[in-house]
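Colleague: turn this into a model:
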Amino acid sequence: MFPRAPRDAALDAVWLNTAGGITGGDTFQLSAEARPGARLRLTTQAAERIYRALPGAPGAMTTQLSVGHGAICHWLPQETILFDAAALTRSLRVDLTGDAAFLGCEALIFGRRAMGERVRDLRLSDRIDVTRDGRAVYADRLRLSGDADAQLSRAFVGGGAGAMATLILARPNAGDAADTLRAMLPANAGASAPTDDVAVVRLLAEDGFELRRSLVPLLTHLAGAPLPRAWMI
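Modeller: Residues are numbered from 1 along each chain as shown. Just a heads-up that it's a prediction; the model follows:
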């Protein structure tokens with residue numbers, strides 16, 4: 001929707017949400033390529049919603065991003081809201097070439113706390129893979145099944161959190177950003193640098209509003225520019 005590329009700035013692409021929400025049996029695929037030297041920033045019109053699914057096949061979302069030599073890609077979809085009895089299988093694969101740079105954010109909200117919602121029946125499988133020149137540099141796997149609210153209430157799982165996010169920075173010397181990121185994080189978050197070229201942040205929050213309050217300054221810092229207008233609180 002309305003891709004725009006102001007002079008000397010990244011191309012902003014905002015896509016419409018998938019059919020107003022995803023339920024069991026739905027299948028969606030998205031692919032995008034930033035060719036060598038290009039700058040691409042991708043976001044969504046609004047938060048994605050994963051609705052109640054009948055027993056059977058879950059909803060499926062597959063995203064494939066390719067980033068060429070010298071290119072920059074920012075993957076900044078807004079939050080995914082999971083409703084009670086939701087079923088979702090989701091994957092994100094990012095293939096980087098040469099010194100390509102990638103900044104990505106995936107945020108999950110387990111029911112809207114302000115609406116009194118709790119997710120007590122969930123089937124979620126989520127995976128993220130990042131490669132550089134065909135070599136794996138980051139892999140993330142998340143699986144929650146059953147009473148998500150009870151599991152997230154456990155001290156060493158979510159500590160009562162109702163929302164979470166993962167930030168990934170993959171670029172040359174990305175690991176140098178880890179100390180700066182730690183200084184910006186709330187108490188219920190952490191940053192690590194598994195390799196010199198990858199930095200990762202994981203955040204937990206009571207609800208989506210508190211999560212976004214932490215995410216916006218972090219993403220603005222890492223992107224070096226204001227976030228897309230759709231991200232305004």
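Colleague: spell out the secondary structure type for residue 152.
Modeller: helix (DSSP: H, G, I helix; E, B strand; the rest coil).
Colleague: I'd say it and residue 162 touch.
Modeller: Yes: in this structure, residue 152 is within contact of residue 162 by CB atoms under 8 Å, at 7.1 Å. No exception for glycine: its C-beta is placed from N, CA and C like everyone else's.
Colleague: which residues are in contact with both of the two?
Modeller: Common contacts of residue 152 and residue 162 (CB atoms under 8 Å, 6 or more residues apart in numbering): residue 110.
Colleague: who has more neighbours out of these two?
Modeller: Ranked by neighbour count (other CB atoms under 10 Å), residue 152 and residue 162 place residue 162 first, with 25 against 21.
Colleague: quick one: that one from residue 202, how far?
Modeller: Separation of residue 162 from residue 202 (CB to CB, to the nearest Å) stands at 15 Å.
Colleague: also residue 222?
Modeller: Distance from residue 222 to residue 202, by CB to CB: 14 Å.
Colleague: who's more crowded, those two?
Modeller: Neighbours were counted for residue 222 and for residue 202 using other CB under 10 Å; residue 222 has more, 22 against 15.
Colleague: for the more buried one, grab phi and psi.
Modeller: When quoted as degrees, to the nearest 10, the phi and psi of residue 222 stand at phi -70, psi -40.
Colleague: so what's it up against?
Modeller: Counted by CB under 8 Å, 6+ apart, residue 222 has contacts 103, 167, 169, 177, 181.
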